[in-house]
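quick one: sequence plus predicted model below, questions after.
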Amino acid sequence: MGSTADNGQIIQYQGPAASYRVLIVDDEDVVCMVLREALQEEFSLAVVDDAEKAIPYLVQAPPHVLVVDKNLPGISGLELLRQAKSLHPDLEVIVITGYASLESSLEAMRQGAYDYLLKPFDDISILVEKVRRAGEKTELARERRQLFDQVLASNRELQKAHQAIKRSYIQTLTSMITALEARDAYTRGHSERVARLTEAIARAMGLRGARLDNLVDAARLHDIGKIGIREQVLNKPGRLTAEEYEHIKQHPEIGARIIGQMEAYAELVPFIRHHHERIDGKGYPQGLSGNEIPLEARIIAVADTFDAMTSARPYRKPRDLGTALRVMRECAGTQLDAEMVKIFLSIQPTLEPQPGS
C-alpha cells in the first residue's frame, strides 16, 4: 500500500512488509541498481533520484534508514540529512559519496550521520550490514520514544486522577470547616480569610505553582483539628481555664493526624501541625523556634494572627486596624517571623478590609 503526495508522486516501499524501511536517494542509476539488488530481499525499499522527491517519504512514511548521496542535484545530500534529522531525530542516515573528503565526512557526522561510505563499494555486504544495524538502532530508539510517550501519557492521567482526588478531598474538608465554623458565629469565614491573606503574602514573596497551591490549601484547613475540640470550650464566652487551654492546644496535632491520613495531602501536615509555633520557641505543639518552623507555617501564623485579632470573639470585641497592626509589629521576631510580618505590612494597604477594621 502507498499514498500519493501533493505532486502526484506515489509514496510506497517495495519488499518484505515487516522489514525495516530503507529510502535510497541517489541520482546515479547504476548505484541505485546495485543498492536495490543488495537490499531488496531483506528490506522494504523506496528509491528516488533527488532530495525533493525524498521529502514526501520523510513527511508521510518515514523510513528506518535513509541512504543518501552527498552530491545530489538541487538540494544536497548533507542538507537532506539535516532536514531528515530535524523531522525525525531517531532516523539513522548513511551518507554515500564518490568524492570523499575529511571535511565533508566530519560535516556529515556533525549533522548526525550514522556512517559515511565511499562508492563504488568494495564489499556491498558491509553496506548491507550497516543498513541492518542502522535500522535496528532506529527501531529501538522509536520503541523507547513510544514507551516514554506512553509513560508520559500514563503519568498525565495519574496526575489528573490525583488532582481529582485532591479536589474531592478539599471539597469534603472545606465542607467540614464550614460546618465547624457554623457552630460559632464568631469564627465564621475565618479559614477562608486566612487562606486569602496567606496567598497574598506568599505571592508577594514570589511563591508560585504547586507550592503556592499547597500552602493555600493548608491555610484553608489549618483549623480542621478543632473538630476534635469540645464545643463548650470553642464557644466559651469567658477566658479559658488552664485545662481548657491545654485541650484547645491539641487542635494542630489533631488536624495533622486528620490530613496525614489522606495521601494526597501528606505534604500539608507540617504546615498545619506547626502554625501555632512561635519564633522564640514558646509556641506549640513542639516548641520549635526560628527556621525550625516550616516557612509555610510561619506565613499561615501571620495571616491567622491578624484575622484572629480583627475578628470578634466570644470573650472580646475585634481590635481596630491600627491596634492590630501595632500588635503585629510588636510580635515580629518573638511570636511571628519578622520578615513575614514585614511583607504583610507592605501589602496590607492593598488588601480588602478585614472584619472589624
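Happy to help now that I have it.

next one, pLDDT for the closest residue to K226 other than its chain neighbours please.
Among residues not flanking K226 along the chain, H251 sits closest, at 4.7 Å (Cβ to Cβ, 6 or more residues apart in numbering). C-beta: built from backbone N, CA, C; applies to glycine. pLDDT recorded at H251 is 92.

what does D149 give?
77.

same check, this time on the one 3 residues further on
Among the per-residue scores, L152 holds a pLDDT of 73.

please identify the helix or strand for it.
Using DSSP states H and E, L152 sits in helix 124-182.

ok, now R326?
Using DSSP H and E, R326 sits within helix 321-331.

L66 too?
Using DSSP H and E, L66 falls within strand 65-69.

what segments of this structure are helices?
Taking DSSP state H, the helices of the chain run over residues 29-39, 51-60, 77-87, 102-110, 124-182, 190-205, 209-220, 231-234, 242-248, 251-260, 269-273, 295-309, 321-331, 338-347.

follow-up on the earlier one: partner strands of the strand holding L66, parallel or antiparallel?
strand 21-25 (parallel), strand 92-97 (parallel) (DSSP bridges).

show me the contact partners of the first one.
The contact list for strand 21-25, computed with Cβ atoms under 8 Å, 6 or more residues apart in numbering, reads 13, 32, 35-36, 39, 43-51, 53-54, 57-58, 61-69, 72, 77, 80, 131, 135.

just stretch 103-112 next, same as before
Taking Cβ under 8 Å, 6+ apart as the rule, stretch 103-112 contacts 70, 78, 81-82, 85, 89, 93, 95, 97, 116.

so which of those residues comes closest to L173?
Each of the contacts of stretch 103-112 was checked against L173 using Cβ to Cβ; the closest is P89, at 46.3 Å.

one step back: JSON lines for the helices of the chain, including mean neighbour count and distance to S289?
Shown next, in JSON lines, are the helices of the chain (neighbours: other Cβ atoms under 10 Å; distance: least, Cβ to Cβ, whole Å):
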{"stretch": "helix 29-39", "mean neighbour count": "16", "distance to S289": "75"}
{"stretch": "helix 51-60", "mean neighbour count": "18", "distance to S289": "65"}
{"stretch": "helix 77-87", "mean neighbour count": "19", "distance to S289": "58"}
{"stretch": "helix 102-110", "mean neighbour count": "14", "distance to S289": "59"}
{"stretch": "helix 124-182", "mean neighbour count": "14", "distance to S289": "29"}
{"stretch": "helix 190-205", "mean neighbour count": "21", "distance to S289": "21"}
{"stretch": "helix 209-220", "mean neighbour count": "19", "distance to S289": "20"}
{"stretch": "helix 231-234", "mean neighbour count": "13", "distance to S289": "27"}
{"stretch": "helix 242-248", "mean neighbour count": "12", "distance to S289": "21"}
{"stretch": "helix 251-260", "mean neighbour count": "20", "distance to S289": "16"}
{"stretch": "helix 269-273", "mean neighbour count": "24", "distance to S289": "15"}
{"stretch": "helix 295-309", "mean neighbour count": "24", "distance to S289": "11"}
{"stretch": "helix 321-331", "mean neighbour count": "16", "distance to S289": "14"}
{"stretch": "helix 338-347", "mean neighbour count": "17", "distance to S289": "13"}
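
can you tell me which of the ones you listed is nearest to K282?
K282 lies closest to helix 321-331 among those, at 11.7 Å (Cβ to Cβ).

now the angle between helix 295-309 and the closest one, please.
Computed by axes from the mean of the first three to the mean of the last three Cα atoms, to 10 degrees, the angle separating helix 321-331 from helix 295-309 equals 140 degrees.

helix 321-331 packs against which elements?
With contacts taken as 3 or more Cβ pairs under 8 Å, 6 or more residues apart in numbering; DSSP states H and E, helix 321-331 sits against helix 295-309, helix 338-347.
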